[in-house]
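A.B. asks: what follows is a predicted structure for the sequence shown.
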Amino acid sequence: MAKNEGDLLQGTLDLLLLRTVSLEPLHGYGALQRLTQITRGELRFQAGSVFPALYRLERDGYLESSWGQTENKRRARYYRLTAAGREKLEAEESAWRKTSQAIARVLEAT
Amino acid sequence: MRLRRLRFLWRGLVRRRRVEREAAEELESFLELAAAERIRRGEDHGEARRAARLELGGLEPARERLRNERVGYAIETLARDLRLAVRRIRRQPGFAFVALVTLALGIGANAAIFSTVRAVLLSPLPFAESERLARLYRVAVDSEGGRRETSLTPVFFHAVRQRSSLIESMAAQRHANLTLAGEGDPERIAGTRVSAGWLETLGVSPALGRGFTAEEQRLGDAARVAMIAHGLWQRRFAGETLALGRPLVLDQRTYTIVGVLPPEFRYPYGSEVWIPTSIPHGASSPGDLNTPIRIRNGVTMAAAARELEAIAAEVSRELGRDFGLTPRPMRIEFQRDPERSIALLAAAVGCVLLLACVNLAVLLLARGEAREREFALRAALGGGRTRLVRQLLSENVVLATAGGAVGLGVAWAANRWLAQLIPSRLGEVVEAVRVDGGVLLATAGLCLGTGVAFGLMLALRLSSTRPSESLRAGGRQLGSRAHRLLDLLVITEVALATVLLVAAGLIGSDLRRQLAANVGYDAASLTHFQLGLSGDRYVGPERRALTLSRLVERVEAVSGVEAAGVTTLHPVPGRRANMGTVVGLVGSIDPAAATPVANRRLVTPGYFRALGLTLERGRGFDHRDLAGGEPVVIINRAAARRFWRGEDPVGRRLRIGPPEDEASAWHTIVGVVSDMAEPYAALPETVYQSYPQASSSLPPDSWITTSAALLVRTGRESVGLIAAVRSAAREVDAGLPLYDIARVDDLLAEPHAGQLLGARMVAAFGLFGLLLAALGIYGVLACSVGRRLPEFGVRLALGARPAELRRSVVLHGLRRTALGLAAGAIAALAVSPLLGRILAAVSPRDPRVFAVVASVLLAVGVLASWLPALRATRVDPAAALRAE
């Protein structure tokens, strides 16, 4: 459980957020829930760092937001992936895969 | 992408409230959703809510983090920080004032002085390729082997012209004072008669019109053409192009203007009109040719000098008298000899800059110490370290900016004032001195950089102290190391100021010594008025003599005037030099002197007394010595020694004029008077004649009778003297022009103009240094006292006498001053070899200067300590105890 987000972790958070939002538009709480769900509780992110990350992603043009209503008729801000976001996601995914493969090779070699 | 960011920026700044609201809403909705989820899972409402908030990490921190991400937030916080900073600074007016003054002096004054001197020293000469230009001097060797530099005679001029192969071109200039008539008042202006090739030699072209043709040069004055200066063109002809071809009336003769010279060109010094002249061959006098030469491309000045010496040797052989020829590079002529002066200047600037920076550091440290408690409190209340540092920094930035602005203003204002300090001799080409942008930037950068750097250092230190410690111990824990640093800084300041003041003192007294260097007469409280006795008004010698004697009478009646006398050709630098007149002698003559030559002066009886020359033998001139009376002369000691070695010359006779001239009368020597320095003449021997007597025997418009100066000695600084003399002159003759009015010691100082500028600037630096050091002492003591107020309160309450407290504070300051003084004195002694190289008449270890500087600094130290000392005693004991 990461207590403070270093650069590596922050970049990872961005990637994960992009991924979760790519499946369907989510609000902040929803994204957090989805992440916890998918990772089966292995990765927990501080809620306080999710919102700044979402803002950054929107600022950089990978997400766009709009206000909508939850099932319980509450107002919430929903984020969805933009075309640029989709490209970014693909790029980040392939980069991540390459990195993890390289690390795996190193670990196997020694 | 950029557009998107810009849009966000816009929203962040302009739609700030809306963005904040939405962010709050978003976070709030998160909390609701999280709480709802928990409630669904069975948690209590209140618990759920609290847990949700914990999950978020606290609402406010989350909002803060989101806010930090917001584009444009940085700007907003910056704006807020700056506003807060301004408010905080206004609450510490004393500190702010001292800091601003420091910056103003450090940046503004430094930049201004440096720009001024640099402009003067590095300003280009108004000639093309001026490195090839030099002024040629003829060196006369007197009987004691002393060398005197003087102008050329036609013989030498033509000899050099014919025989030199290294000189590309040369010309001759002759000074002429002329009365300009026409529309408006008649003016007395300086003019120059120039020989052929003058413009080419100097490498100058007229801005308008043309130079002189070969034919006009051949005709000389008879061609009746002239070139005028740009200033004159503006003044008299309103800058119209049609001025070309217009008439110019000089000394009742009409000349046609053929050219206008470029702006700011007034070479030789002050000249406003140039008239062609030709230099006849074979004449041995007058020796008043100012000769600029241009050496060939690729030739060094040293090689040219050697060739000239050889030519001089040849001519000397032909003349039978020893002369030399030496070129002086035009740069040095114009006193733009930068190397030495710039080094000195840079050192002085460096010192003051260092002082200013140290002062700033002292202020910030001292101030910071006082605020340690405040910052400990803020840290304890949860201000993040970045925040605190940023706040402190913003204060410094505000101060720095304000200081920079003040510095700029000071630089601009000082600049105009400093331009007046430039001795006029040097200012002849430098008309507009602008503040050097580069220098301003450099000094500003240094000072502000120091301020910000020290502020940052301080901020980091303050924000890292454990709040509990500081709060507990009453906030005095900045550490003894910082205290020692403060002390060290103040001592450094005083030391630097000492060095500056010692340098200023040495240079100043050196210059004073040089200027007072024996001119043989008392130049102080002597005022010089040149009289314009030429033209139709004063045609007859009787008329002139009468005018002069009445003038002297009137002037001597003015209150405060001790004596007044008239002379032709008072030796004033830059003006026409004395030319020797051949003297025919009877009696024992020094056989080594082939042709006795002496300076000749026509004077009125009161002249010797006015100058303070002593009569060593015989009598002065009096009522007997008028036109028609027995021809008499007075000679000076040098002449007596040279021409009548070991004998009493009184009663001997001499004849003035070439020996072949049988018609000239024999004059009887009636007195011997002490010597006067003739730095611009070739000879130390002088023959004086009575003006009324001699002028009647000379040709009516001979220059020697028309060029007369009135010298007035006053008891003290007589403020209204000039006005009084003017009105006396008006009573005698309303149309008599008086010009070149100046104190004689100022006139004598003119050739030292460069040194004078340097001395004044170093003195200014010394003053700044003193001020800054005083501020430093004050600042440190003020803060130290402020810190110890409770202690003083307790002591007062326990019965200590205020005077004792005051004394302890003052002694504290005095001790620092004394230490700094000692350190500074040692430093000054250490650099004395360097200083010794620029001092000519004074030792770099002159104890008098050190003593004066020491007493000044100690006095200033006491003064600077006085205010804090007073503050220490004004403490209300009860309040102080309560605070503790």
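C.D. replies: All right, it came through fine.
A.B. asks: around chain B, pick out the residues from chain A.
C.D. replies: By C-beta under 8 Å from any C-beta of the partner chain, the residues of chain A that approach chain B are A:27-30, A:33, A:46-49, A:51-52, A:55-56, A:59-61, A:70, A:72, A:74-77. Heads up, the C-betas are built off the backbone N, CA and C, glycines and all.
A.B. asks: my read: residue B:759 touches residue B:511, true?
C.D. replies: Yes - shown here, residue B:759 and residue B:511 form a contact pair, counting by C-beta atoms under 8 Å, at 4.7 Å.
A.B. asks: quick check: closest non-adjacent residue to the residue in the stretch 501-650 of chain B that chain A sits nearest to.
C.D. replies: At 56.1 Å from chain A, residue B:503 is the closest residue in the stretch 501-650 of chain B, using C-beta to the nearest C-beta. The shortest distance from residue B:503 to any non-neighbouring residue, by C-beta to C-beta, 6 or more residues apart in numbering or on different chains, is to residue B:762 (5.9 Å).
A.B. asks: try residue A:70
C.D. replies: Closest to residue A:70 by C-beta to C-beta, 6+ apart is residue A:76, at 5.2 Å.
A.B. asks: three-state assignment of that neighbour?
C.D. replies: strand (DSSP: H, G, I helix; E, B strand; the rest coil).
A.B. asks: what of residue B:742?
C.D. replies: strand.
A.B. asks: isn't it right up against residue B:527?
C.D. replies: Yes - using C-beta under 8 Å, residue B:742 is in contact with residue B:527, at 7.3 Å.
A.B. asks: more crowded one of the two?
C.D. replies: residue B:527 (23 against 16; other C-beta atoms under 10 Å in any protein chain shown).
A.B. asks: contact partners for the more buried one?
C.D. replies: By C-beta atoms under 8 Å, 6 or more residues apart in numbering or on different chains, residue B:527 lies in contact with B:711, B:712, B:713, B:714, B:721, B:722, B:725, B:741, B:742, B:743, B:744.
A.B. asks: so residue 98 is in which element?
C.D. replies: Chain wasn't specified; assuming chain A. Secondary structure from DSSP states H and E places residue A:98 in helix A:83-109.
A.B. asks: that's the other chain; I wanted chain B
C.D. replies: Under the assignment here (DSSP H and E), residue B:98 is part of helix B:93-103.
A.B. asks: now the very next helix or strand once past that helix: how far from the chain's centre is it?
C.D. replies: Next helix or strand after helix B:93-103 toward the C-terminus (DSSP H and E): helix B:110-122. For helix B:110-122, the separation from the chain centroid amounts to 9 Å (computed by C-alpha atoms, centre = their mean, to the nearest Å).
A.B. asks: give me the mean pLDDT for helix B:110-122.
C.D. replies: Over the span of helix B:110-122, the pLDDT mean works out to 74.
A.B. asks: number of nearby residues for the residue in chain B that chain A sits nearest to?
C.D. replies: Distance from chain A to each residue of chain B (C-beta to the nearest C-beta) is smallest for residue B:57, at 3.6 Å. For residue B:57, the neighbour count with other C-beta under 10 Å is 14.
A.B. asks: from residue A:51, how far out is it?
C.D. replies: 10 Å (C-beta to C-beta, to the nearest Å).
A.B. asks: surely residue B:610 touches residue B:709?
C.D. replies: No - using C-beta under 8 Å, residue B:610 is not in contact with residue B:709, being 10.8 Å away.
A.B. asks: next, count neighbours for residue B:824.
C.D. replies: 28.
A.B. asks: find the centremost residue of chain A, please.
C.D. replies: When C-alpha atoms, centre = their mean is applied to chain A, the residue found nearest the centroid is residue A:17 (1.3 Å).
A.B. asks: which helix or which strand is home to that residue?
C.D. replies: Judged by DSSP H and E, residue A:17 forms part of helix A:7-23.
A.B. asks: what is the neighbour count of residue B:564?
C.D. replies: Counted with other C-beta under 10 Å, residue B:564 comes out at 27.
A.B. asks: quick check: closest non-adjacent residue to residue B:237.
C.D. replies: residue B:243 (3.8 Å).
A.B. asks: next: residue B:270.
C.D. replies: Per C-beta to C-beta, 6+ apart, closest to residue B:270 is residue B:190, 4.5 Å.
A.B. asks: go on, residue B:666?
C.D. replies: Nearest one to residue B:666, counting by C-beta to C-beta, 6+ apart, is residue B:653 at 4.6 Å.
A.B. asks: tally of neighbours for residue 46?
C.D. replies: With no chain named, the answer covers chain A. 18.
A.B. asks: that was the other one, I meant chain B.
C.D. replies: Residue B:46 has 9 neighbours, counted by other C-beta under 10 Å.
A.B. asks: can you tell me the helix or strand for it?
C.D. replies: Here residue B:46 is assigned to helix B:45-56, by DSSP H and E.
A.B. asks: and if you look at residue B:617?
C.D. replies: Assigned by DSSP H and E, residue B:617 falls in strand B:615-618.
A.B. asks: buried set for that strand?
C.D. replies: B:617, B:618 (16 or more other C-beta atoms under 10 Å in any protein chain shown).
A.B. asks: list the contacts for the nearest residue to residue B:489 once chain neighbours are set aside?
C.D. replies: Distances taken as C-beta to C-beta, 6+ apart place residue B:362 nearest to residue B:489, at 4.7 Å, with adjacent residues excluded. By C-beta under 8 Å, 6+ apart, residue B:362 lies in contact with B:486, B:489, B:490, B:493, B:776, B:779, B:780.
A.B. asks: isn't residue A:74 up against residue B:30?
C.D. replies: No - using C-beta under 8 Å as the test, residue A:74 is too far from residue B:30 to be in contact (10.2 Å).
A.B. asks: next one: phi and psi at residue B:192?
C.D. replies: Backbone geometry at residue B:192, expressed as degrees, to the nearest 10, gives phi -140, psi 140.
A.B. asks: contacting residues for it?
C.D. replies: B:173, B:174, B:175, B:176, B:268, B:271, B:273, B:274, B:275.
A.B. asks: tell me what it is bridged to.
C.D. replies: residue B:175, residue B:274 (DSSP bridges).
A.B. asks: show the pLDDT at it.
C.D. replies: At residue B:192, pLDDT is 90.
A.B. asks: ok, residue A:66 next?
C.D. replies: On the pLDDT scale, residue A:66 gets 90.
A.B. asks: residue A:100: neighbour count?
C.D. replies: By other C-beta under 10 Å, the residues close to residue A:100 number 10.
A.B. asks: does the residue lying closest to residue B:710 once chain neighbours are set aside belong to a helix, a strand or coil?
C.D. replies: Using C-beta to C-beta, 6+ apart and skipping the chain neighbours, the partner closest in space to residue B:710 is residue B:529 (4.3 Å). What three-state DSSP gives for residue B:529 is strand.
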